[in-house]
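Colleague: Dropping a prediction and its sequence here:
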Amino acid sequence: MGFPGTWMTTSESMVYRVVPKCACSTIGQIMFYSDHGRFFDGDIHDATEDLHKWALPESQPIITRNVRRHDSPAFTCVRNPYTRVLSSFFDKICGIQRNGRRYRGNLVPLLIQKYGIEVGGDDGKAEFDQIASFRRFLLFVRDTIRFRKPMDPDIHWSAVSGHVATFIANGGRYDQIFWTEDFNAGMRKVLDATETTYPVDLAEIPRFNESEGHGPKRAHPVEDYFDDLSMHLMWEIYHRDFRLFRYDFDNPANKMPTGEIDLDEVHAKLGG
């Protein structure tokens, strides 16, 4: 299976397991800058050179060798399940993507037909009941993850722990796992453990939020989207994320973690 979703600087200074909707665009640009002294011109997900990616066949043996020998610091970044799944809804379901189309072609029409959601019209800009539509989307997310119907789960709303686990299961080990919610402190620790070609001043790094502006703005506080049934579904889908990465399941309004991540526990529970 190898190391899907893994990026590595061309200098092999650091290895990153990408987790969608967890600051991956900003992290990729920081990695690119640390090697080349400039940012990639465009969405870092489109870069096909000057950054090793598992999706590039020529990078796979280089990444495999490095990760198996643990030659470089390896890290990933995680996010509160409540805000992550909301972000997925507004970006991927309600939003128009970079190519000017809806995400995954017929996915949104399927959701409108089978789950009765609304997405703000053809351009995503019309007013609609965001709370009702999101809760119906969450039923769809549960169905894809629990029953793999009406489709397999998508990387943007499948559990963070599932992404993190593949790296461990295939022979990798993380040196750092940090929170999107405390990004600068976590990324600073990664950079402090890394010899970079160009120094990175995190205070000067812009946030590369490539999904921003795709969809409608969230009109309500996070907690308003989650009633008792929604929270039950969230626990069913994301209980490992809440537990391993120390997020507050009982209070959707609290996006911050409640304790430190135990790397040994993560490796033990996700490495089976």
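Modeller: Perfect, thanks for sending it.
Colleague: Assign residue 114 to helix, strand or coil.
Modeller: Three-state secondary structure (criterion: DSSP: H, G, I helix; E, B strand; the rest coil) places residue 114 in helix.
Colleague: Look at the residue lying closest to it once chain neighbours are set aside and report its pLDDT.
Modeller: The shortest distance from residue 114 to any residue that is not its chain neighbour, by CB to CB, 6 or more residues apart in numbering, is 6.5 Å, and that residue is residue 150. Using the backbone N, CA and C atoms, a C-beta is placed for each residue, glycine as well. Per-residue confidence (pLDDT) for residue 150: 94.
Colleague: ok, residue 150 - contacts?
Modeller: Contacts of residue 150 were listed using CB atoms under 8 Å, 6 or more residues apart in numbering, and they are 110, 114, 140, 143, 144.
Colleague: so it, which of the three states?
Modeller: Of the three states, residue 150 takes coil according to three-state DSSP.
Colleague: quick one, phi/psi of the closest residue in space to residue 71 that isn't next to it in sequence?
Modeller: Nearest non-adjacent residue to residue 71, counting by CB to CB, 6+ apart: residue 12, 6.5 Å away. Here the main-chain torsion angles of residue 12 (degrees, to the nearest 10) amount to phi 60, psi 30.
Colleague: tally of neighbours for residue 12?
Modeller: For residue 12, the count of nearby residues is 15 (other CB atoms under 10 Å).
Colleague: Please name the residues that touch it.
Modeller: With contacts defined as CB under 8 Å, 6+ apart, residue 12 is in contact with 52, 62, 66, 71, 72.
Colleague: Also residue 174?
Modeller: For residue 174, the contacting residues are 17, 74, 75, 76, 164, 167, 168, 263, 266, 267, taking CB under 8 Å, 6+ apart as the criterion.
Colleague: Out of those residues, name the ones that lie in helices.
Modeller: 164, 167, 168, 263, 266, 267 (DSSP state H).
Colleague: Just the buried ones from the residues you listed?
Modeller: With neighbours counted by 16 or more other CB atoms under 10 Å, the ones in helices among the contacts of residue 174 contain buried members at 164, 167, 168, 266, 267.
Colleague: For the last one, give its distance to residue 35.
Modeller: Going from residue 267 to residue 35 by CB to CB, to the nearest Å gives 28 Å.
Colleague: go on, the third one?
Modeller: The span separating residue 168 from residue 35 equals 26 Å under the rule CB to CB.
Colleague: And for the fourth one?
Modeller: Separation of residue 266 from residue 35 (CB to CB): 28 Å.
Colleague: For residue 94, which non-adjacent residue is closest in space?
Modeller: residue 215 (3.9 Å).
Colleague: whoops, residue 226 was the one
Modeller: Leaving aside its chain neighbours, residue 226 sits nearest to residue 252 (4.6 Å; criterion: CB to CB, 6+ apart).
Colleague: give me the element the one you found is part of.
Modeller: Taking DSSP states H and E as the criterion, residue 252 maps to no regular element, lying outside all helices and strands.
Colleague: And the strands in the stretch 151-272 of the chain, which stretches?
Modeller: Counting by DSSP state E, counting those that start in this stretch, the stretch 151-272 of the chain has these strands, from start to end: 176-179.
Colleague: Quick check: residue 23 touching residue 77?
Modeller: Yes: taking contact to mean CB atoms under 8 Å, the distance of 5.4 Å between residue 23 and residue 77 places them in contact.
Colleague: who has more neighbours, those two?
Modeller: Ranked by neighbour count (other CB under 10 Å), residue 23 and residue 77 place residue 77 first, with 25 against 22.
Colleague: List the residues that contact that one.
Modeller: Contacts for residue 77 were tallied using CB under 8 Å, 6+ apart; they are 19, 22, 23, 24, 27, 177, 178, 179, 180, 183, 186, 187.
Colleague: try 6 Å
Modeller: If you count contacts by CB atoms under 6 Å, 6 or more residues apart in numbering, residue 77 has them with 22, 23, 178, 180.
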